[in-house]
Each structure stands twice: as structure tokens, then as C-alpha cells.
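**Q** What follows is a predicted structure for the sequence shown.
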Amino acid sequence: MVDRSRQDQQETKLRPGAEKQLSRRGFIKATGGTLAATTLAGPTALAIAEEGEAMGQGGITGFFKALFGVCETAKLSPELWSREGDTVRVKADQIPQLAADGGAVYLAGQGLDVPLLVLRRSEGNYLAVSNRCTHMARKLDPVPGKEVLRCCSVSHSSFDHEGKVTGGPAKGPLTVYPAALEKGQLVVRLKT
């Protein structure tokens, strides 16, 4: 039996007066993983980049954001919301993201079992949903100009504003919570 690592070492030795040469086997080892990854990921990356550009989400930058699950929606500071039992109160009038239709923030911590995505749909009309995709538990972002929530992962599962799956590999609907303005605060009832 031939010791391949020793053979590879011998094939890559310097020859007098020549630069370091790489054997065919060494070249394949050195580039094979990269080539395979590029071949397999290339079409996926290109498709996601093209979809991201079509939706105004930054092409190849959008691909890497999706790869790492980075969302555009900001986490709301704990000073701007509170939880009292099964009720969450959000100081909506102090949150610039909720001043315009389509604006959104997410809430996490303070004893919430699942993060919440809070979205302003229209004047005085808000949506609160579980901010966890039912496919791989990634966060969600609203799609600008559409009544669609989209997972921030590469698979991009999508949901309508009623929480129903409209695309992608999501396994089930999102939980939608009743939300209404009361005396300048957005009140979300965690019991559905």
C-alpha cells in the first residue's frame, strides 16, 4: 500500500531552479473543495441574489444576510415595552419604525417564550406574530409594499398577514396575536 501523504509531499518538493510545483492530486485536493462548493452553491447564491435584487434587498449582500439569518427589522429596546402576565404593552407613539405603514420592530426577552414581530399595517391597524419561522426558527422581516412576512434564512419561507404559509419549506403557520391601540400604547394579548 502506498502512503499517499508521503507521495503528495514528494510530488510537491522543490526542484533545483524551479518554483514549487503542485502535483495533479495536490491541485485537486487544494481546489476540489472550493470548486465543489462553488458549483453547488453558485446557482443557489445566484438565484437568491437575483431574488434579493428584485425585492430591493441587495443582491449578493442579501445572499450573505440570508445565509447568516440577518434581518432588517430592529430589536426594540426593553425600555419601550413591558410584559404584564399575558399582555405586552408597546409605547408605539415613541417608536419611529411604527410611525409609518409597513414599519416593524421585534421584541425579545422579558419572559417571552417566542420573540414577537410587531408591524404597522395601516393607520391604527397593527399586526403581532411569533417572530420565528416554522422551518428553522429564524426571524422574519416584512416585505416592503406587500402583505408578506419572509424568513431571513436562505430558504425564504413566506407567510401572509394571517400567519398562513404562502411559500418555502415552513412546516406550519405563525401564531398571530390580537393587537390594538389603547391610550397611545399598542397592546398585544399573548393568549389567543
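**A** Thanks, I have the structure now.
**Q** Please work out how many residues are found near the nearest residue to residue 158 once chain neighbours are set aside.
**A** Distances taken as CB to CB, 6 or more residues apart in numbering put residue 167 closest to residue 158, at 4.3 Å, once the chain neighbours are dropped. Just so you know, the C-beta spots here come from the backbone N, C-alpha and C atoms, and that holds for glycine as well. Per other CB atoms under 10 Å, the neighbour tally for residue 167 reads 14.
**Q** give the contact list for residue 167.
**A** Listed by CB atoms under 8 Å, 6 or more residues apart in numbering, the contact partners of residue 167 are 156, 157, 158.
**Q** pLDDT at the last one, what is it?
**A** The predicted local confidence for residue 158 comes out at a pLDDT of 96.
**Q** which residues pair with it across the strands?
**A** residue 150, residue 167 (DSSP bridges).
**Q** roughly how far apart are it and residue 114?
**A** 19 Å (CB to CB, to the nearest Å).
**Q** more crowded one of those two?
**A** Under the criterion of other CB under 10 Å, the comparison of residue 158 against residue 114 puts residue 158 first, with 19 against 15.
**Q** which residues does that one contact?
**A** Here residue 158 is in contact with 143, 148, 149, 150, 151, 165, 166, 167, 168, 170 (criterion: CB under 8 Å, 6+ apart).
**Q** got a list of what the fifth one touches?
**A** To tie it back to what came earlier, the one meant is residue 151. Counting by CB under 8 Å, 6+ apart, residue 151 has contacts 133, 135, 136, 138, 139, 140, 157, 158, 168, 170.
**Q** With residue 120 instead?
**A** Taking CB under 8 Å, 6+ apart, we find residue 120 in contact with 98, 99, 100, 101, 102, 103, 104, 126.
**Q** right, and the fifth one touches residue 119 too?
**A** Pointing back at residue 102 there. Yes. If you go by CB atoms under 8 Å, residue 102 and residue 119 touch, sitting 7.4 Å apart.
**Q** Which neighbours do the two have in common?
**A** The contact lists of residue 102 and residue 119 share residue 142, where a contact means CB under 8 Å, 6+ apart.
**Q** of the two, who's got more company?
**A** A count of neighbours by other CB under 10 Å puts residue 119 above the other of residue 102 and residue 119, at 25 against 15.
**Q** Which of the helices or strands spans that one?
**A** Using DSSP states H and E, residue 119 sits in strand 116-122.
**Q** Just give the closest residue to residue 143, not the sequence neighbours.
**A** residue 150 is the one closest to residue 143 (CB to CB, 6+ apart), at 5.3 Å.
**Q** neighbours of the one you found, just the number please.
**A** With other CB under 10 Å as criterion, residue 150 counts 22.
**Q** where's it relative to residue 187, distance?
**A** Residue 150 is 26 Å from residue 187, by CB to CB.
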